[in-house]
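**Q** curious how this folds, go ahead:
(chains A, B, C and D)
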There are 2 protein chains.
Amino acid sequence: MNNLGQKIREVREKQHLLLRQVAAYLEIDTALISKAERGERNLNREQVVKLAIFLNDSEEEFISLWLCDKIISVVGDDNYAIQGTQKALKIIKKEINK
Amino acid sequence: MNNLGQKIREVREKQHLLLRQVAAYLEIDTALISKAERGERNLNREQVVKLAIFLNDSEEEFISLWLCDKIISVVGDDNYAIQGTQKALKIIKKEINK
DNA sequence: TGTACCTTTGACACTTCTTGACAAGTCAAA
DNA sequence: TTTGACTTGTCAAGAAGTGTCAAAGGTACA
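**A** Next up, the predicted model:
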């Protein structure tokens, strides 16, 4: 399971679009988008952006889900996941104000 | 630059320990710990834990810096880094309460 | 100057992970 | 049973990670 994947599937099905159609738009194999929706494979940033456009949804939402998944796959079930993520958030916020 | 690396160097120098000594304790090449302190290479979790013990410092602090660095290297300078990290934090916190 | 020591650097081999593609599989509806 | 949608497993190529080594930089000091 996978946050972006769930979101994509949800939005795609709501619009009665087929994997085939999404795959064609992104110019990738159908298998890949299928796997992406189920969290078995990652899309790259560009593909996620295109997907947001194609599905008429928010790029911010899609990309932040995509990042969120990456973070979780990195810190996931570590005992100190919360502390690490909080530290990162602080640093990122500080970094922005420059 | 690198948060865990800076911390390690700071603590190590405060204790007048040589890279060589740290490396010997971790059973790795001196070059590797040198690079780790400067953020050119990553240590693995086990090495970070041993390091905390060897340097008499907090495991929680070391591991969360280590995770923090990983997160930053993943979401780093993305426009939506903050949003993604916040989402991840929420989800991780929720996950813990199970 | 020379040497002794600590650290940094770049190259390397090796392994593991990722990526995209393809073929074959399942499954439900007609 | 056929069709269309989706899933699954596998493969090869390339990328990225891991540890090591030898050589080079830098510093301190006799």
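
**Q** close to DNA strand D, is stretch A:69-78?
**A** No - on the criterion CB under 7 Å from any atom of the strand, stretch A:69-78 is out of touch with DNA strand D, staying 10.5 Å away. Where you see a C-beta, it was placed from the backbone N, CA and C, and this is true even at glycine.

**Q** for the residue most central in space within chain A, what is the enclosing helix or strand?
**A** By CA atoms, centre = their mean, the mean C-alpha position of chain A lies nearest to residue A:66, the distance being 2.4 Å. Using DSSP states H and E, residue A:66 sits in helix A:59-75.

**Q** mind listing what's buried along stretch A:48-59?
**A** By 16 or more other CB atoms under 10 Å in any protein chain shown, the buried positions in stretch A:48-59 come out as A:48, A:50-52, A:54-55, A:57.

**Q** how far does it stretch from start to finish?
**A** Using CA to CA, to the nearest Å, the end-to-end distance of stretch A:48-59 comes out at 8 Å.

**Q** right, is that stretch up against DNA strand D?
**A** No - figure legend: stretch A:48-59 not in contact with DNA strand D (CB under 7 Å from any atom of the strand); closest approach 13.6 Å.

**Q** need the residues that contact stretch A:61-72.
**A** A:2-5, A:7-8, A:39, A:42-43, A:45, A:48-49, A:51-52, A:85, A:88, B:71, B:74-75, B:78-81, B:83-88, B:91-92 (CB atoms under 8 Å, 6 or more residues apart in numbering or on different chains).

**Q** of those residues, which are in range of DNA strand C?
**A** Among the contacts of stretch A:61-72, proximity to DNA strand C is found for residue A:42 (CB under 7 Å from any atom of the strand).

**Q** among the contacts of stretch A:61-72, which are in strands?
**A** Assignment to strands by DSSP state E places none of the contacts of stretch A:61-72 there.

**Q** and chain A, which residues reach chain B?
**A** A:3, A:45, A:60, A:63-68, A:70-72, A:74-75, A:78-89, A:91-93, A:96 (CB under 8 Å from any CB of the partner chain).

**Q** 10 Å - rerun?
**A** Proximity of chain A to chain B is confined to A:3, A:45, A:59-93, A:95-96 under the rule CB under 10 Å from any CB of the partner chain.

**Q** contact partners for residue A:50?
**A** For residue A:50, the contacting residues are A:22, A:25-27, A:43-44, A:59, A:62, by CB atoms under 10 Å, 6 or more residues apart in numbering or on different chains.

**Q** residue in chain A with the shortest distance to DNA strand C?
**A** residue A:31 (3.7 Å; CB to the nearest atom of the strand).
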